[in-house]
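Undergrad: A structural model of the following input is requested.
(3 chains)
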Amino acid sequence: MEHILHMAYTGYAYPNETVLPWSALIVVYPYITGLVAGAFVISALYKLFNIKVFEPVAHFALLVALCCIVFVPVPLLLHLGHPERALEAMMTPHWSSAFVMFSYFFSFYTILLIVENWFTFRPHAVHMSQHGKSALSRGFYKVVALGSTDLSPKAMAYDEKWMYWLAVIGLPAACGLHGYVGFVFGSVKAREWWSSDLMPVIFILSAVISGSALLLILYPISCKLRKVAIDLACQKALAKTLWGFLIVTLVLEGLELLSMFYRRVEGIDWIARFIAGPLHFTYVDLQWGCGLGALVLLTALVVFRARGRALVAVSMVAGLLVLTEVLMMRWNVVIGGQEISKTLKGMLHYAPPLFGKEGLLVSGAILTLPMIALSIMARLFPPFHDKPADAVPETAK
Amino acid sequence: MSDDAKNPDLPRRSFIRLIGKWTVVAGALSVGVETMKHLPTAAASESIISRYPPQGPVPGYNWLDHHWAFAVDATRCIGCLRCVEACKIENDVPFNPYNTRTWVERYVYLDGEKEPHVDSIDDPRDIAAAGTRMNYRFADLYEGQKVDQAFFIPKLCNHCTNPTCVEVCPTGASYQTPDGVVLIDKTYCIGCRYCVQACPYGARYFNEQTNTADKCTWCYHRITKGMKTACVEACPTHARKIGDLKDPNSDVSVFIRENRVQVLKPEMGNQPNVFYVGLNKDVC
Amino acid sequence: MPKHIVRLIMLLAAIVVVYFVGRAFLTPKSFYVYGHFRGASPREIASIKPTFLDPTAFKESEPAIYATWSTGIHKVVPCQDCHVGAVHEGAKGPIPRGPFPKSSLELCTQCHQKIVARPGFQPQINVALHAHGLQCVTCHNPHSPTETPFGKPLFTTSTLASAQGNLAAGQKLSAQCAACHGAKGVSTGPAFPNLACQSKAYLVTALTEFQKGTRSNPIMSGVAKGLSNADKLNLATYFSSQKCGGK
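TA: Numbers count the residues shown, from 1 in each chain, chains lettered A, B, ... in the order given. Below you'll find the model as predicted:
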């Protein structure tokens, strides 16, 4: 008879609060969105800020962003009670809702990313539409190239201009997209843990660090797979970018917590108990532990001017730590925020189920989808300019 | 360009042209449809007005003549939970203690303690006392302990003047009517649960039978027929009152006039429309 | 402009067009009529049929019970506060008689059990001491609880409650009750109700009913036969003056 999955609580929580409205799926959603925004920022650093050292990963970053963004709606749609009605948010948009703004930002940005990627990989598509091995492959690339084979200098100049302007629009759009994700949470005044003006800023910054951390890991892996040397300058620049943004992110996250305690917001007693109790592992140990651990590693990397293998290994470990930090930050915001009761007189204890739609397995599976897509897309549209065919033997030292 | 000049691929070109033409046609169509929407023909406007007159879509009820409000005299609540059961039956609320449109909280200050002990229908001890999930009752807790102060507080949707739940609804499935009631269109709700998060009072829940958000409607199907809400009807001590603020002699108008009423969490800025007597600083 | 750019722009324009066309078709007709919601929705919600009814709805189908109820102190409690069982079991609609609550002891105590936070104006009982495991409806008419189920007044405050019996005489007489109900009215076993601190009026009424046969019990019907009106009052005075639970 009892089907409702409800949470136990300490202190007092409203009866309706004992059923968790947003599960692990909603943790995955801002996480993937953050990866999109972060990866795009790296490609924009190359294209807009002329940081040439990012050249080896610029195209790759765009592809990563594209592969991530197409899976952003998956956890959202899975979580909806009526996914078949999802389009209503854009048919009769209620503009005061942060979700509506998000859906428009998202649609706009998805199209922008597709177009930017299209321009980037158009020469390849044109090439393959003429020299593809099978008729099927040629046909596929012909459709992708929109039936054009124009690679003349004039056309390429057009493409360059478009890509530049798309990046110009894309950078604020990426920040707007993820800022709005932060706003989805920060604007909920009913939840003390969410309600904060800093939330959108923290979300944007943590998006940047998660995106660069992902590239920091994927780039060396891709080099190994392609059996080419890792561009150490690029890897180091990525690590330094991550280092810089990580400092700001951690300071802001710390400031938010500090100001909460310093202002002694309502219910601070329970928030303190919450952090010391149920949230300790995911917040103090994992989020702050990983964040500070990554900071130490990256600082050491910068200070001791690590080179060669050490640089790659340490930066990859730091990248992994940052990815964990950001995932835990999303978890602590989304799930943690719902575990502090709106009564401010108690806390709920959420034990995430492993199975089922809202379970950890499904969420974990969704997190791997972008990587699977990336491995396919990278084959269809190679994002690296390797010297073709004669693979350079590995000489990274 | 040079490629095309060398290999004029005529069938493909005409195909692309066809797509181009279709795009133009579709564009013209959409403009036409949009224009038609904004140029109501005589017949269409007439049917819209007859089905949706200015006094509201509910037959025999003018929503411009009413402004509903609710009052709770918490000092008269005996914690019998007849309201909770009546509401669940009346409104098809799932019969479990975790989804509810209205509930009652018990605040108990034990001797020598500053913080109150609070429990409600979902407390495991109260569930055990009820025996079944179909009934709700307050268990005889605190037996033999010295109690300084204790009271019940009934809770329900506040039908706020500034409803945050409506503010965050992405589709317009949550809305406020001119007679001051906040309703959910269950055939239009996408089930995103943003409104459940946004309500400071915990009045909303996700109904797993309909897969939509759900909450108290102040029994809109009753008050529009001149009846009282089910919970008010069921309350044996008249702790609950529903009334029309536009009628100076309604239960609620009189109650607000004769008492110094309070609302829950006024600092949220929602301007709730459930007015209480008998609150206390710790009531949350 | 190169061909591929033209095609791209056309594609993007097509997306925008599809969006607006789709919007025109997919927006419900009554949307925006009254505001940002489907105008038909309030009517749909208002058309739900009420199931929790005003007690007058049952006046014709249950005239006798309605008469008892509407003149008693339970007239503030509408029918469906108690008669909800049928709906619980899945049948829909107002069912005045319905399956009765399985246990009146469980039902009545939802309002009348003495618990912390229940305000003083509400009549409350200590369930263990008052009910002795008996169902409430053994002594009370649920539709008018100040009456017995047989229509007699349970408490006649004007006569019995104010009448003073002889405590000493009552104590002497109580010797014949002690074997079962205990010397101080605290019973010797769960089969026998406690008499200590029980209402005086109630005790007299109970004895009277045993005498008249309106209430029957193999032991009590015999015991009560030999009692005079003064005996009954004296006994009731003695037991009602004893401390609850004998403490």
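Undergrad: where does chain A have low pLDDT?
TA: Filtered on pLDDT under 70, chain A yields the residue ranges A:1-3, A:386-397.
Undergrad: in it, what residue comes closest to chain B?
TA: residue A:81 (2.0 Å; CB to the nearest CB). All C-beta atoms are positioned from the backbone trio N, CA, C, and that covers glycine.
Undergrad: look up phi and psi at that residue.
TA: phi -70, psi -30 (degrees, to the nearest 10).
Undergrad: any figure for the gap between it and residue A:20?
TA: Distance, residue A:81 to residue A:20, using CB to CB, to the nearest Å: 14 Å.
Undergrad: where do the helices sit along chain C?
TA: C:3-26, C:41-46, C:63-71, C:79-82, C:85-88, C:104-112, C:127-131, C:167-173, C:178-181, C:200-212, C:218-225, C:229-240 (DSSP state H).
Undergrad: tell me the average confidence for the second one?
TA: The average pLDDT for helix C:41-46 rounds to 96.
Undergrad: cool, stretch B:131-151 as well?
TA: Rounded mean pLDDT across stretch B:131-151 is 87.
Undergrad: pull out the buried residues from it.
TA: Buried residues in stretch B:131-151, defined by neighbour count with 16 or more other CB atoms under 10 Å in any protein chain shown: B:133-142, B:150-151.
Undergrad: need those in a markdown table with distance to chain A and secondary structure, can you?
TA: Output for the buried residues of stretch B:131-151, formatted as a markdown table (distance: CB to the nearest CB, whole Å; DSSP: H, G, I helix; E, B strand; the rest coil):
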| residue | distance to chain A | secondary structure |
| --- | --- | --- |
| B:133 | 6 | coil |
| B:134 | 9 | coil |
| B:135 | 13 | coil |
| B:136 | 10 | coil |
| B:137 | 14 | coil |
| B:138 | 13 | coil |
| B:139 | 15 | coil |
| B:140 | 19 | coil |
| B:141 | 13 | coil |
| B:142 | 15 | coil |
| B:150 | 14 | strand |
| B:151 | 14 | strand |
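Undergrad: a helix runs through residue B:175, doesn't it?
TA: No - counting by DSSP: H, G, I helix; E, B strand; the rest coil, residue B:175 is not part of a helix but strand.
Undergrad: and it, how many neighbours?
TA: Residues lying near residue B:175 (other CB atoms under 10 Å in any protein chain shown) number 24.
Undergrad: ok, it to chain A distance?
TA: 9 Å (CB to the nearest CB, to the nearest Å).
Undergrad: who touches the closest residue to that residue other than its chain neighbours in this structure?
TA: Distance criterion CB to CB, 6 or more residues apart in numbering or on different chains; nearest residue to residue B:175, sequence neighbours excluded, is residue C:37 at 3.6 Å. Contact analysis of residue C:37 by CB atoms under 8 Å, 6 or more residues apart in numbering or on different chains lists B:172-175, B:185, B:188, C:31.
Undergrad: please repeat the previous calculation with a cut-off of 10 Å.
TA: Each residue near residue C:37 by CB atoms under 10 Å, 6 or more residues apart in numbering or on different chains is listed here: A:92, A:94, B:166, B:169, B:171-177, B:183-185, B:188, C:28, C:30-31.
Undergrad: do you know how far it is from residue C:31?
TA: From residue C:37 over to residue C:31 (counting by CB to CB), the distance is 7 Å.
Undergrad: shared neighbours of those two, anything?
TA: The contact lists of residue C:37 and residue C:31 share A:92, B:171-172, B:185, B:188, where a contact means CB under 10 Å, 6+ apart.
Undergrad: to residue B:225, which of the helices of chain C lies closest?
TA: helix C:41-46 (7.8 Å; CB to CB).
Undergrad: just name the most buried of the helices of chain C.
TA: Among the helices of chain C, helix C:79-82 has the highest mean neighbour count (mean count of other CB atoms under 10 Å in any protein chain shown), at a mean of 24.
Undergrad: who's in contact with residue C:12?
TA: Residue C:12 touches A:111, A:115, counting by CB under 10 Å, 6+ apart.
Undergrad: okay, helices next: where are they in chain A?
TA: A:25-47, A:55-69, A:73-79, A:88-91, A:98-131, A:135-144, A:153-186, A:199-226, A:232-262, A:268-276, A:289-303, A:308-339, A:360-380.
Undergrad: which among these is found nearest to residue C:208?
TA: helix A:268-276 (59.5 Å).
Undergrad: buried residues, that closest one. List them.
TA: A:270-271, A:273-275.
Undergrad: hmm, who's touching that helix?
TA: Contacts of helix A:268-276 (CB under 10 Å, 6+ apart): A:10-11, A:192-193, A:257, A:260-262, A:265, A:267, A:277, A:279-280, A:283-284, A:332, A:336, A:339-341, A:343-348, B:115.
Undergrad: tell me which of these fall in strands.
TA: Using DSSP state E, the members of the contacts of helix A:268-276 that fall within strands are A:10-11, A:345-348.
Undergrad: my read: residue A:322 touches residue A:209, true?
TA: Yes - Residue A:322 lies in contact with residue A:209 (CB atoms under 10 Å); the separation is 5.4 Å.
Undergrad: between these two, what contacts are shared?
TA: Common neighbours of residue A:322 and residue A:209 (CB under 10 Å, 6+ apart) are A:216, A:242-243, A:245-246, A:249, A:291, A:294.
Undergrad: so which of those residues is the most crowded?
TA: Neighbour max across those (other CB under 10 Å) = residue A:242, 29 neighbours.
Undergrad: in stretch A:95-113, what counts as buried?
TA: A:97-106, A:109-110, A:112-113.
Undergrad: quick one, what contacts the closest residue to residue C:30 other than its chain neighbours?
TA: Spatially, and ignoring its direct neighbours in sequence, residue C:30 is nearest to residue C:39 (3.3 Å; CB to CB, 6+ apart). The neighbourhood of residue C:39, defined by CB under 10 Å, 6+ apart, consists of B:48, B:51-52, B:56-57, C:28-33.
Undergrad: is there a quick ChimeraX command that grabs whichever of those are buried?
TA: Buried members of those, defined by 16+ other CB under 10 Å, are picked up in ChimeraX with:
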select /B:52,56,57 /C:28,30,31,33
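Undergrad: for chain A, what is the nearest residue in chain C?
TA: Closest point on chain C to chain A, by CB to the nearest CB, is residue C:4, at 3.6 Å.
Undergrad: redo the contacts of residue C:39 as TSV? Include distance to residue C:243 and pLDDT.
TA: Below are the contacts of residue C:39 laid out as TSV (distance: CB to CB, whole Å; pLDDT from 0 to 100):
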residue	distance to residue C:243	pLDDT
B:48	76	69
B:51	72	81
B:52	70	88
B:56	63	92
B:57	65	93
C:28	71	92
C:29	74	89
C:30	70	92
C:31	71	93
C:32	72	93
C:33	71	93
